[in-house]
Structures are given as C-alpha cells and as structure tokens.
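# let's see this in three dimensions:
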Amino acid sequence: MDIKIKVNGRELPAYETLGAAVRFKDETGRDLSKIDVTSISDIAVLIWARVAGACSRERIEFDMTFREFADAVDMTSLSEWTQAIRSEE
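Numbers count the residues shown, from 1 in each chain. Here you go, the predicted model:
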C-alpha cells in the first residue's frame with residue numbers, strides 16, 4: 001500500500017487498517033459505516049485514523065492527537081491524498 005500524506009514535512013502512510021476504523025469510532029462515537037463524506041471533520045478524522053493505523057502497522061513513530069494532526073495538514077497535502085485514494089479505486 002503506497003498511499004501517503006505529507007504532515008509537517010514528513011511523508012507518512014495513510015491507508016485503511018482495522019485499527020483505523022476503531023480509531024474513527026473512538027474519536028467520533030460512530031462506526032465508520034456512518035461517516036458523513038460531506039463533512040470535512042469526518043474526513044479529517046478518517047485520515048488521522050488511517051495515518052495512525054498505518055504507522056502502527058509499519059512501526060513508524062506517530063504520536064499526534066487528532067487536533068495536532070488537523071493543524072499540521074495543509075490543503076495541498078489533503079488534495080494529493082484524495083487523488084491517491086481515487087487512483088487506488
């Protein structure tokens with residue numbers, strides 16, 4: 001899986017894991033199946049959860065809270081991540 005996102009100058013993996021779904025629920029109180037794809041907040045939580053899960057899987061240090069992550073990701077990185085996800089589909 002080669003989906004990555006730039007965060008504070010670091011390129012981090014950002015793909016689906018079961019742990020990402022659990023993190024999404026822990027943060028939002030909702031199952032991933034209930035994501036509102038029109039909500040930038042839900043999308044931001046999803047990306048953070050995917051980064052945290054992928055980094056855990058690959059044993060890459062990642063200790064940012066959701067809010068720290070949201071502050072660190074710029075719109076260019078978000079756009080590049082979205083394009084990478086679309087190309088994987």
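# so what pLDDT did residue 84 get?
You'll see residue 84 listed with a pLDDT of 79.
# that one touches residue 4, doesn't it?
Yes. Applying C-beta atoms under 8 Å as the test, residue 84 and residue 4 come out as touching, 7.3 Å apart. (Each C-beta comes from the backbone N, C-alpha and C, glycine too.)
# now the helices for the chain?
Ranges of helices in the chain, per DSSP state H, are 18-28, 40-58, 66-72, 75-88.
# present these as JSON lines; the columns should include mean neighbour count and distance to residue 11.
Listed next are the helices of the chain as JSON lines, based on neighbours: other C-beta atoms under 10 Å; distance: least, C-beta to C-beta, whole Å:
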{"stretch": "helix 18-28", "mean neighbour count": "18", "distance to residue 11": "18"}
{"stretch": "helix 40-58", "mean neighbour count": "20", "distance to residue 11": "11"}
{"stretch": "helix 66-72", "mean neighbour count": "15", "distance to residue 11": "13"}
{"stretch": "helix 75-88", "mean neighbour count": "13", "distance to residue 11": "9"}
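# export these as TSV, with columns for distance to residue 8.
Output for those, formatted as TSV (distance: least, C-beta to C-beta, whole Å):
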stretch	distance to residue 8
helix 18-28	19
helix 40-58	12
helix 66-72	5
helix 75-88	10
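# do you know the pLDDT at residue 1?
With respect to pLDDT, residue 1 scores 66.
# isn't residue 73 right next to residue 47, touching?
Yes. In this structure, residue 73 is within contact of residue 47 by C-beta under 8 Å, at 7.2 Å.
# tell me which of the helices of the chain sits nearest to residue 12.
When the helices of the chain are compared by C-beta to C-beta, helix 40-58 sits nearest residue 12, at 5.2 Å.
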